[in-house]
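Participant: Got a predicted structure plus its sequence, pasted below:
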Amino acid sequence: MSQYDVVVIGGGVAGLSAALVLSRARRTVLVVDAGAPRNAPATHMHGYLSRDGIPPAEFLAAGRDEVASYGGDLVDGTVTDFVPDGRSGFWSLLAGGQRISARRLLVTTGLRDELPDIPGLRDRWARDVLHCPYCHGHEVRDRQLGVLGGTPGAVRYAQIVRQWTHDLVYFTPPDILTAAERTQLLARAIGVVEGSVEQFVIDDADHLRGVQMHDGCVIPRDALFVPPRFVPNNNLLVGLGCDVDAEGWAVVDITGRTSVAGVWAAGNVVDPRAQVITAAGAGSAAAIALNADLVEDDVRNAVRDLDHGVPPRPTTNAHPKESP
Ligand SMILES: Cc1cc2nc3c(=O)[nH]c(=O)nc-3n(C[C@H](O)[C@H](O)[C@H](O)COP(=O)(O)OP(=O)(O)OC[C@H]3O[C@@H](n4cnc5c(N)ncnc54)[C@H](O)[C@@H]3O)c2cc1C
């Protein structure tokens, strides 16, 4: 197909949920996906009602099948740029040189988790170095847990992780805790270890056993919670001129509409707080708004045709791939 109603950039849960709603609304939709969803390193996904514990790849494969079953197209690839087509649509340029035309765009490219530069930390990511207690806290409940502090909001984050265990240690650079923070940690029996983390101690079974400090001291821990820095994959939105806030996140309304006409965004690319279930909801909400926007376009075009003496076309709305 040369022109789609909507091209969705990013085939994670937000993009696939949108594509499902759009293809069921008899819109032509293409999902272009680079194949690196954020939760790919995790063996299991939690907190999605009715799918708790499913491997993330299995969940997305089922989503792709559902989109395809309604005639949605999916392609592996990376969109590198958008070019307005001079009317109200866009060309999407793919890394291989392909150009795809669309009336509307939905960007669901997710975010990157930037982790502290501690030797071995990235190797343990999504195994025993975790970031989201709602995703994986239950699996390590009542174990010896740690929180890597030192960043804004880390003490509050530790107080949340405390919900899952009574044995929690807060690792922090020296002399940065306020008196109030120390009191709050003490009051909830959260241990404080000051100094810099040197490396992780891993046992023969490849499990975390402890956190080694710069002075050689090892604090036994089964898992460490680390607050990453969230960086949106929003260069395509920025390139189009979408408004961003002071932290660099693209500004969208409640449906995901950006400041550039015809361009929507949903999921982690605009909302670092989105879990799988809320990213799915945002994708769905964006799809419904996109369809309404396309309907407005359809009405405008039909009225213009009528004004030019073109009689209303009694055509069906059938999706090109629907069987007769
Ligand atoms: C380790 C880990 C475990 C997690 N576990 C859970 C959990 O158990 N439960 C839960 O609710 N949440 C969990 N999350 C959060 C979850 O990953 C996100 O909520 C979810 O992935 C957001 O979906 P999304 O569609 O916005 O983005 P993503 O899932 O990241 O999908 C974005 C997609 O866009 C693609 N893409 C990016 N740029 C381009 C481009 N230019 N062209 C084409 N494609 C592109 C990417 O390759 C990717 O496939 C976890 C996160 C992490 C890091």
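Facilitator: That came in fine, so what should we check first?

Participant: which residues sit in contact with the closest residue to the ligand within the stretch 151-300 of the chain?
Facilitator: Nearest to the ligand, among the residues of the stretch 151-300 of the chain, is Gly267, at 2.3 Å (Cβ to the nearest ligand atom). Any C-beta I mention is one placed from the backbone N, CA and C, and that applies to glycine too. Gly267 is in contact with 10, 12-15, 108, 110, 274, 279, 282-283, counting by Cβ atoms under 8 Å, 6 or more residues apart in numbering.

Participant: got those residues as TSV, with neighbour count, pLDDT and distance to Arg162 columns?
Facilitator: Output for these, formatted as TSV (neighbours: other Cβ atoms under 10 Å; pLDDT from 0 to 100; distance: Cβ to Cβ, whole Å):
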residue	neighbour count	pLDDT	distance to Arg162
Gly10	30	98	35
Gly12	29	98	31
Val13	32	98	29
Ala14	35	99	31
Gly15	34	99	35
Thr108	31	99	33
Gly110	24	98	29
Ala274	22	98	24
Ala279	26	98	27
Ala282	28	98	29
Gly283	29	99	33
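
Participant: got TSV for those, with secondary structure and distance to Ala223 too?
Facilitator: Formatted as TSV, the contacts of Gly267 follow (DSSP: H, G, I helix; E, B strand; the rest coil; distance: Cβ to Cβ, whole Å):
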residue	secondary structure	distance to Ala223
Gly10	coil	30
Gly12	coil	25
Val13	helix	25
Ala14	helix	28
Gly15	helix	31
Thr108	coil	30
Gly110	coil	24
Ala274	coil	23
Ala279	helix	24
Ala282	helix	29
Gly283	helix	31
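
Participant: so, in contact with the ligand or not, whichever strand or helix holds Ser17?
Facilitator: Here Ser17, judged by DSSP states H and E, is contained in helix 13-24. Yes - Helix 13-24 lies within reach of the ligand by Cβ under 6 Å from any ligand atom, at 13-15.

Participant: Bridged to Leu93, which residues?
Facilitator: Here Leu93 sits in beta bridges with Asp81, Arg99, going by DSSP bridges.

Participant: Do I have it right that it meets Ala102?
Facilitator: No - counting by Cβ atoms under 8 Å, Leu93 does not reach Ala102; the two are 11.8 Å apart.

Participant: coming back round to it: now do the buried residues in the helix or strand following the helix holding Ser17.
Facilitator: Next helix or strand after helix 13-24 toward the C-terminus (DSSP H and E): strand 29-33. Within strand 29-33, the residues that count as buried by 16 or more other Cβ atoms under 10 Å are 29-33.

Participant: just stretch 276-287 next, same as before
Facilitator: Buried, per 16+ other Cβ under 10 Å, within stretch 276-287: 276, 278-287.

Participant: Now for the residue nearest to the spatial centre of the chain: which residues touch it?
Facilitator: In the chain, the residue lying closest to the centroid (Cα atoms, centre = their mean) is Asn268, at 3.2 Å. With contact set as Cβ under 8 Å, 6+ apart, Asn268 has these partners: 12, 14, 38, 110-111, 230, 232, 274, 279.

Participant: Show me the shaky parts of the stretch 101-250 of the chain.
Facilitator: Along the stretch 101-250 of the chain, segments meeting pLDDT under 70 are nowhere present.

Participant: need the contact list for the residue of it found nearest the ligand.
Facilitator: The ligand sits closest to Gly110 of the stretch 101-250 of the chain, with a gap of 2.7 Å, by Cβ to the nearest ligand atom. Taking Cβ under 8 Å, 6+ apart as the criterion, Gly110 is in contact with 10, 12, 14, 37-38, 233, 267-269.

Participant: cool, Leu105 as well?
Facilitator: Neighbour list for Leu105: 6-7, 9, 82, 90, 92, 262-264 [criterion: Cβ under 8 Å, 6+ apart].

Participant: let's see 10 Å
Facilitator: 4, 6-9, 79, 82, 89-90, 92, 236-237, 240, 258, 260, 262-265, 290 (Cβ atoms under 10 Å, 6 or more residues apart in numbering).

Participant: In helices only, show me those.
Facilitator: With DSSP state H as the criterion, helices contain 236-237, 240, 290 from among the contacts of Leu105.

Participant: Out of the residues you listed, which are close to the ligand?
Facilitator: When Cβ under 6 Å from any ligand atom is applied, no member of the ones in helices among the contacts of Leu105 is adjacent to the ligand.

Participant: May I see these organised as a markdown table, with distance to Ile190 and neighbour count added?
Facilitator: As requested, those are exported to a markdown table (distance: Cβ to Cβ, whole Å; neighbours: other Cβ atoms under 10 Å):
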| residue | distance to Ile190 | neighbour count |
| --- | --- | --- |
| Leu236 | 41 | 23 |
| Leu237 | 39 | 29 |
| Leu240 | 45 | 21 |
| Leu290 | 46 | 30 |
